[in-house]
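# What follows is a predicted structure for the sequence shown.
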Amino acid sequence: MKQTTTRIAIIGGGAAGLMAAATLAESPTASNMEIHLFEKNSYLGAKVIISGGGRCNVTTGSALTNRRHDIEQLLTNYPRGAKFLMSALFRCPPQSVIDWFESHGVPLKTEEDLRVFPISDNGKDIVGALERTLKINNAKIHLNTNITSIEKVSNIFRLHTRASKLASWGQTGHEDFDTLIITTGGNAYRHTGSTGDGYAFAKALNHTITELAPSLSSYITVEKFPAKISGVSFKKAGLTLKTPTATYTRTGAFLFTHKGITGPAIFALSGMAAYDTPTNGNPLHLTINFFPDETQEELAARFQNLANTHGKKQLINFLDIFLPKSMCDIFIDLAQAPPDLSTGQLTKELKTRILQLLHALPLTIINRTPGDEFVTAGGVPTSEVNTNTMESKLQPNLYFAGEILDIDGFTGGFNLQASWATGRLAGESIASK
Ligand SMILES: Cc1cc2nc3c(=O)[nH]c(=O)nc-3n(C[C@H](O)[C@H](O)[C@H](O)COP(=O)(O)OP(=O)(O)OC[C@H]3O[C@@H](n4cnc5c(N)ncnc54)[C@H](O)[C@@H]3O)c2cc1C
């Protein structure tokens, strides 16, 4: 008996779409499918290529197995969508992602902070491995093809593209598919092609979209002193962000910028507070503890011991035991200490003020750096999608994967990991139908 061929469309050739397509193309049932990947850019994986500063932080080495404890630990890195992601991550934990790329010719390395990169430090190798897999397995890649709208006509998905493309789409100006995977990504770094088109497609197919917000951003401060120490970084500080509704804490690395503050711990806080938009009128309040491993009392005792031994030193030369040299005069200003004071002359009040600043330097956050967020919080509600298959609960044979879902993670490889895992799960589910 002749097998019927299922026509599958995947819109978006980013991380999730490429992994979904590669999974389908390599599946045992691939010969029964026609796989079409549509990408509006002239090349695949624009965002994957620029991710991780062009090196592509493919995944994380922090929780490699699919043992329950590892997966639960991994899920703490997703402010939204963690529960929903569990199933996809059980099936495709970071080690599976690593194994996939290594077995497809891209050796990877895990750095000290547990971020995983290609040994070549070149994100193009990651996209190259996926693209090769599609070509070897006869998946059809349609570049420069901007899908403009989708209709559901009885049981099929009808895709429309721009007029200039109509010639290759036959007389009708549209193409019909049995199964559709939407992997158009979010709304961040729009010049990469991820302009939120998928949200409109999802709505046209009766889905709702949760409120969207930028996540993983740098912050702009009222205080101007960061400009003087722009680039000064700290490997480990305790950061506390107070919003009108919550208090978030994070210990990690950060650095000052010419307008404020950035770095992994700030990105994480901005992710947790994605829906709290800082403004001049409604600022967020950040404090920095430069010594998160010491209590206030321990720091005070150490400070006093050192002050006793260095009594003759000028305060500015004493403070550099605790802070980078370039920050000492800023601290002296903030503590309102006379600049030429010697350490032995420190009054109790001054000492208390300095210790307070070392343990909780306040910064007033009035904005995110516009347009620099890495991901979009919000998207297709996870309640509308089957967690075990990525299939829509509203439309049979419609699937979602990647950033278009209401899932986002911290920096460190967690967003790409979510895209690979959900893309893989969508592909596996379709292949096993
Ligand atoms: C600067 C930057 C650095 C990052 N670094 C990291 C990192 O190191 N590690 C990490 O884990 N995450 C990182 N991220 C986040 C990560 O890159 C994304 O979360 C991930 O790429 C999302 O994958 P996706 O497949 O869902 O969407 P995308 O990768 O955004 O892909 C969506 C694709 O769909 C295409 N498309 C959209 N609409 C249409 C349409 N109408 N027709 C046809 N095609 C369409 C787009 O052109 C795009 O290629 C970074 C993000 C940015 C912006």
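Yep, it's here. Here the structure is a predicted model, which means the values were calculated and not measured.
# give the contact list for Pro362.
285-287 (C-beta atoms under 8 Å, 6 or more residues apart in numbering). Every residue, glycine included, has its C-beta placed from N, CA and C.
# If you rank those residues by neighbours, which is first?
Leu286 (24 neighbours; other C-beta atoms under 10 Å).
# Nearest spatial neighbour of that one, chain-adjacent residues omitted?
Using C-beta to C-beta, 6 or more residues apart in numbering and skipping residues adjacent in sequence, the residue nearest Leu286 is Leu363, 4.4 Å away.
# Can you add pLDDT, secondary structure and distance to the ligand and give the contacts of Pro362 back as a markdown table?
Below are those laid out as a markdown table (pLDDT from 0 to 100; DSSP: H, G, I helix; E, B strand; the rest coil; distance: C-beta to the nearest ligand atom, whole Å):
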| residue | pLDDT | secondary structure | distance to the ligand |
| --- | --- | --- | --- |
| His285 | 98 | strand | 27 |
| Leu286 | 98 | strand | 23 |
| Thr287 | 98 | strand | 27 |
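# Would you mind confirming that Asn108 makes contact with Phe101?
Rather than Asn, residue 108 is Leu. Yes - Leu108 sits in contact with Phe101 when judged by C-beta atoms under 8 Å, with a separation of 5.9 Å.
# shared neighbours of the two, anything?
What both Leu108 and Phe101 touch, as defined by C-beta under 8 Å, 6+ apart, is the set 58, 118.
# got the residue ranges for the strands in the stretch 101-250 of the chain?
108-110, 115-118, 140-142, 147-153, 156-161, 174-177, 179-182, 213-215, 219-221, 233-242, 247-256 (DSSP state E, counting those that start in this stretch).
# can you list the residues of the chain near the ligand?
Applying C-beta under 6 Å from any ligand atom, we find that the chain lies next to the ligand at 11-17, 38-41, 46-48, 50-52, 57, 146-147, 183-185, 188-189, 193-194, 197, 374-375, 402-403, 413-416, 419.
# So which of these belong to helices?
15-17, 46-48, 50, 197, 414-416, 419 (DSSP state H).
# Report the two of those residues separated the most.
Farthest apart among those by C-beta to C-beta are Asp197 and Phe414. That separation is 24.0 Å.
# more neighbours, these two?
More neighbours surround Phe414 than the other of Asp197 and Phe414, with 26 against 22 (other C-beta under 10 Å).
# OK, contacts around the more buried one?
60, 74, 77-78.
# same deal with Glu391?
385, 397-399, 426, 429.
# can you pick the most crowded of those residues?
These, ranked by neighbours (other C-beta under 10 Å): first place Ala426, 31 neighbours.
# State the pLDDT value of that one.
We have a pLDDT of 98 for Ala426.
# Let me see the backbone angles for it.
Dihedral pair for Ala426: phi -60, psi -50, per degrees, to the nearest 10.
# what does Thr60 give?
Per degrees, to the nearest 10, the backbone of Thr60 is at phi -120, psi 150.
# my guess is it contacts Ala418, does it?
No - the criterion here is C-beta under 8 Å, and Thr60 misses it with Ala418 at 10.8 Å.
# who's more crowded, the two?
Ala418 (31 against 26).
# what's the neighbour count on the residue in the stretch 251-400 of the chain that the ligand sits nearest to?
Nearest to the ligand, among the residues of the stretch 251-400 of the chain, is Phe374, at 4.0 Å (C-beta to the nearest ligand atom). Residues near Phe374, counting by other C-beta under 10 Å, number 22.
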